[in-house]
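Student: quick one, fold the following:
(2 chains)
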Amino acid sequence: MSILNLALKSLNNRKTTALLTIFSIAVSVALLLGVERLRVEARNSFTSTVSGTDLVVGARSSPLNLLLYSVFHMGNATNNVTWQTYQELADNDAVAWTIPIALGDSHRGYRVIGTSGDMFTHYRYGDDQTLSFKSGEPFSDLFDVVLGSEVAATLGYDLGQKIVLSHGLESAALQQHDDKPFQVAGILEPTGTPMDRALMISLEGIEALHIDWVNGAAPRPMLAVSAEKVRQMSLEPSSITAYFVGLKSRIAAFRYQRAVNDYAPEALTAILPGVALGELWQLVGSAEKALQVISVMVLVACLVGMLTTILTSLNERRREMSILRSVGARPWHIFALMITESMIYGVAGTALGFAILYGLLFAIQPVLQTSLGLHIAVALPGTFELVLALVIIGCATVLGAIPAWRAYRNSLSDGLTVRL
Amino acid sequence: MPVIDLSNVIFGWGSAKPVLDIPELVVRRGEKVFIRGPSGSGKTTLLGLLGGVLTPSAGHVRVLGTELNSLTAVQRDHFRARHVGFIFQMFNLIPYLSVLDNVTLPLSFASDRLLAVQHSGRSPQEEARRLLGHLGLTDPTLLERPVTGLSIGQQQRVASARALIGSPELVIADEPTSALDFDTRSAFIQLLFSECEAAGSTLLFVSHDRSLESLFDRCLSLQDINRAVGEVH
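Tutor: As a prediction, this is how the structure comes out:
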C-alpha cells in the first residue's frame, strides 16, 4: 500500500473534517480567482468604454475633465466648441470620421446627448462593438430620441412613447421643454458603458429645443416658436460640446492632437482616450487592490485553518502512527504521510475551487451580460491561474511540513507503543 | 546463532538510575519464550530495545546475529521491518483499513517480506486470507469489513496474521491476550504457536499472566533477569 493510498484512506476515515477543510480552501480559491477575473474584466471593460475612437476634442481643460464629461457624462464642459471650428478641424485630411456631441439637457436625471447619425455607425466600445438596437432604429425625425438600455428599463419606456426633456442637468430641473415633446424611436442593447444611461437626439433637435431661448432662459410665451414652426427653420447648430475623432491612420494621432492644441482661433484640448482612461483607472482602481488583499487574506485564513485541523488530529492519531512504526514504517514515512495529507487538501481544494469558479461563471455570465453589459469570458485558465494554483498547493504543502515534522518527532519519541 | 542475544545491557533515561540492567538474555531459533513482567518491570523498554527504537546506554543487543547498536536509526527501522513482527495488547490495527489491508500492511514497508510471500507463489491478499483462515477468520464478508467492527479476539487474530505475514524470523507479542477470557486465550496461543512453527518464526511472548506459562517452552521472569528492578517486588 502506497503512502498516497494510506493518506487517502486515512482522510476518508475523517471524511467530515476533511471535506469541510477542502471546501473552505475551495471557496477561498474560487474567491481569489473570481476577484482576479472580475478585476481584469472590469478594467478591460472600463478602459474600452470608447475603443475605436482615436481622439476626443473639446474646449481647453484638463484631459481628465474632458474625458469625464465627454465619455462618462459627468460634470460640465468648461466651454463649447464653435460649429465653424468643428467643421474646419473635421475637414482635416487625416480624419476618417467624427462624432459631434452636444450636452446640457437631461431627462429625469439621465443625460441627453445631441449627436449625429455617425454615432450609430462609428462609435465603438469594448471589443470593437458598435451600438446595436434592441428595438427601433436611429433617430430620423427632428423629434426622435434613442434611449440607452438602462434608461428604457428603469423608466419603463417603449417605442413610440412621448417624453419631455428638461433644460439643465439637475434631476429636479425646473424648466421643461414641454412645448416640444420627443418620441422614442429606438432602444439600444446594454453596452456596459455610460451610453446605457444616455438619451440621444439629433443636433438639430438640440437646436430646435433652444431656438427661441435667450441667454439660457425660456422664451416668453409670445416669442415662443412652436414645434410645427421650428421644422421650417434653419437648424444648423452654432456650437457643440465635444467631438470624437477617428483617424485614417493611428500614426497621425499625435500630429492631429498637436494641430488641435495649437489651433489659434479657439482654445481646445485633444486627448487620446486610451491614455486618459488608463490614468482614470489608476484613480478608481485602488478598490481592486483592496479586494485582492482581502481575498489573499481569506486564503491565508483557510490555509491556517487546514493547519489547525491537521495539528488537532495529530494527538488522536499518535497510536495510528506508532502502529505504522511497529509494522515497519520509517519516521520519514510518517512525515511523508502527513505532508501528503496536506498536499491532498491543497490539490483537492484548488481543483474544487476552480470547479466552483467555472460553475459560477457559466451560471452568472448571461446575467451579467444582459443586466450590466459586462462580458466575462469563460476562458481556459491562463498563466496567472495556473501559477496561482501551484502557489496554493505549494503553500499547503509547506504548511503541512509543520504537523508532519511534529508527527515525525512524536513517532521518534513514542517508539512502538503509545499508552493513551 | 541465537535469535536474541543480550549481554550486559543497561538502559536509563538520562542520568537517572537505569530502568533496565540485563546481564544476559539468549533466545534460540524456534523457541517459544514467555517473559513474565508486571508493569514497571522494564517490559516496554525491553521491547523498544529489541525493536531498535531505543539504544542501550551500554552493552550489546544482537538480533539474528546483527548488532543493533552498530546500525543507524534508518537501518534499524529497515531491520525491524524485515525481521520482526509485533502483536500488541489492544487497538493495534489501523482503524481505517480493511482486515486484508491491515494484514498486508507490513509488506509495503519491507520488500524482503513481500518477496518471501511472492516466493510462496501467492499474492499478498491470498497469503493474508490463508493466514487469517488458519487463525479461524474465514468469513469473506468479515475480511472486507472495517476492523473496528471486529471483536477483541478477532482483532488480535488479525494482528497476529499481520505479524506473521512474510515469515519474519522473530515475532514479539506484548500482552496480546490480556483482553481475552481464558478459553479464548488458550485457543489463541495454540493458533499463534502453530503459525509460528509453520512460518519458522521464533516467538517472544511478554505478559504478566502466569497462568499461560505452562504452554511455553521456556519461562523467564523479567524481574529475575533485570537487575535494575530485581529488588522491587
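Student: burial measure for the nearest residue to A:Asn13 once chain neighbours are set aside, as a count.
Tutor: Excluding the flanking residues, the one nearest A:Asn13 by C-beta to C-beta, 6 or more residues apart in numbering or on different chains is B:Tyr96, at 3.3 Å. For glycine as for every other residue, the C-beta is placed from the backbone atoms N, C-alpha and C. For B:Tyr96, the tally of surrounding residues (other C-beta atoms under 10 Å in any protein chain shown) stands at 19.
Student: and stretch A:267-286, how far out from the chain middle?
Tutor: Its chain's C-alpha centre lies 16 Å from the corresponding centre of stretch A:267-286 when counted by C-alpha atoms, centre = their mean, to the nearest Å.
Student: same deal with stretch A:335-354?
Tutor: That offset, for stretch A:335-354, works out to 34 Å (C-alpha atoms, centre = their mean).
Student: near chain B at all, that stretch?
Tutor: No: on the criterion C-beta under 8 Å from any C-beta of the partner chain, stretch A:335-354 is out of touch with chain B, staying 11.2 Å away.
Student: now do the phi/psi pair for A:Gln183.
Tutor: phi -120, psi 130 (degrees, to the nearest 10).
Student: again but with A:Ile392, I slipped
Tutor: phi -60, psi -50.
Student: so the closest residue to it other than its chain neighbours: helix, strand or coil?
Tutor: Of all residues beyond its chain neighbours, the one nearest A:Ile392 is A:Thr350 (5.1 Å), with distances taken as C-beta to C-beta, 6+ apart. Three-state call for A:Thr350 (DSSP: H, G, I helix; E, B strand; the rest coil): helix.
Student: just the pLDDT at A:Thr350, thanks.
Tutor: For A:Thr350, the model assigns a pLDDT of 94.
Student: quick one: the helices in chain B?
Tutor: Listed in chain order, the helices found in chain B under DSSP state H are B:43-51, B:73-83, B:99-104, B:111-119, B:124-134, B:140-144, B:152-164, B:182-199, B:222-225.
Student: would you list the ones you listed in TSV and tack on mean pLDDT and distance to A:Gly305?
Tutor: Output for the helices of chain B, formatted as TSV (pLDDT from 0 to 100; distance: least, C-beta to C-beta, whole Å):
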stretch	mean pLDDT	distance to A:Gly305
helix B:43-51	84	37
helix B:73-83	87	33
helix B:99-104	91	30
helix B:111-119	87	39
helix B:124-134	89	38
helix B:140-144	82	35
helix B:152-164	87	35
helix B:182-199	84	45
helix B:222-225	84	48
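Student: among these, which is nearest A:Ile393?
Tutor: The minimum distance between A:Ile393 and the helices of chain B falls on helix B:99-104, with 27.7 Å, by C-beta to C-beta.
Student: and that closest one, what does it pack onto?
Tutor: helix B:124-134, helix B:140-144, helix B:152-164 (3 or more C-beta pairs under 8 Å, 6 or more residues apart in numbering or on different chains; DSSP states H and E).
Student: with only the CA atoms kept, save the longest one in PDB.
Tutor: Going back to what we said before, that points to helix B:152-164. The C-alpha trace of helix B:152-164 is given here as PDB (Å, rounded to 0.1, in the frame of the first residue of the first chain):
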ATOM      1  CA  ILE B 152     -11.300  -8.000  20.500                       C
ATOM      2  CA  GLY B 153     -10.400 -11.700  19.900                       C
ATOM      3  CA  GLN B 154     -10.900 -11.300  16.200                       C
ATOM      4  CA  GLN B 155      -8.800  -8.100  16.200                       C
ATOM      5  CA  GLN B 156      -5.900 -10.000  18.000                       C
ATOM      6  CA  ARG B 157      -6.000 -12.700  15.400                       C
ATOM      7  CA  VAL B 158      -5.900 -10.100  12.600                       C
ATOM      8  CA  ALA B 159      -2.900  -8.500  14.400                       C
ATOM      9  CA  SER B 160      -1.300 -12.000  14.600                       C
ATOM     10  CA  ALA B 161      -1.700 -12.600  10.900                       C
ATOM     11  CA  ARG B 162      -0.100  -9.200  10.300                       C
ATOM     12  CA  ALA B 163       2.800 -10.000  12.500                       C
ATOM     13  CA  LEU B 164       3.300 -13.400  10.700                       C
END
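Student: next, the residues that contact that helix from outside, please.
Tutor: With contacts defined as C-beta atoms under 8 Å, 6 or more residues apart in numbering or on different chains, helix B:152-164 is touched by A:327, B:85-88, B:90-93, B:99, B:102-103, B:105-106, B:128, B:131-132, B:135-137, B:142, B:147, B:150, B:171-173, B:176-177, B:179-180, B:184, B:188, B:191-192, B:195-196, B:199, B:201.
Student: go on, stretch A:187-196?
Tutor: Against stretch A:187-196 from outside (C-beta under 8 Å, 6+ apart): A:45, A:49-50, A:71-73, A:123, A:125-126, A:129, A:131-136, A:146-152, A:157-159, A:369-375.
Student: ok, now which ones touch residue 202?
Tutor: No chain in the question, so chain A it is. Counted by C-beta under 8 Å, 6+ apart, A:Ser202 has contacts A:114-117, A:139, A:142, A:144.
Student: that answer is for a different chain, and I need it for chain B
Tutor: Neighbour list for B:Thr202: B:3-4, B:27-33, B:169-171, B:196 [criterion: C-beta under 8 Å, 6+ apart].
Student: the residue of chain B found nearest chain A and B:Leu46: what is the separation?
Tutor: Distances between chain B and chain A by C-beta to the nearest C-beta are smallest at B:Ala81, namely 2.7 Å. Here B:Ala81 is placed at a distance of 19 Å from B:Leu46 (C-beta to C-beta, to the nearest Å).
Student: kindly report the residues of chain B close to chain A.
Tutor: So chain B meets chain A at B:44, B:47-48, B:51, B:53-54, B:73-74, B:77-78, B:80-82, B:86, B:88, B:91-97, B:101, B:104-106, B:108-110, B:162, B:174 (C-beta under 8 Å from any C-beta).
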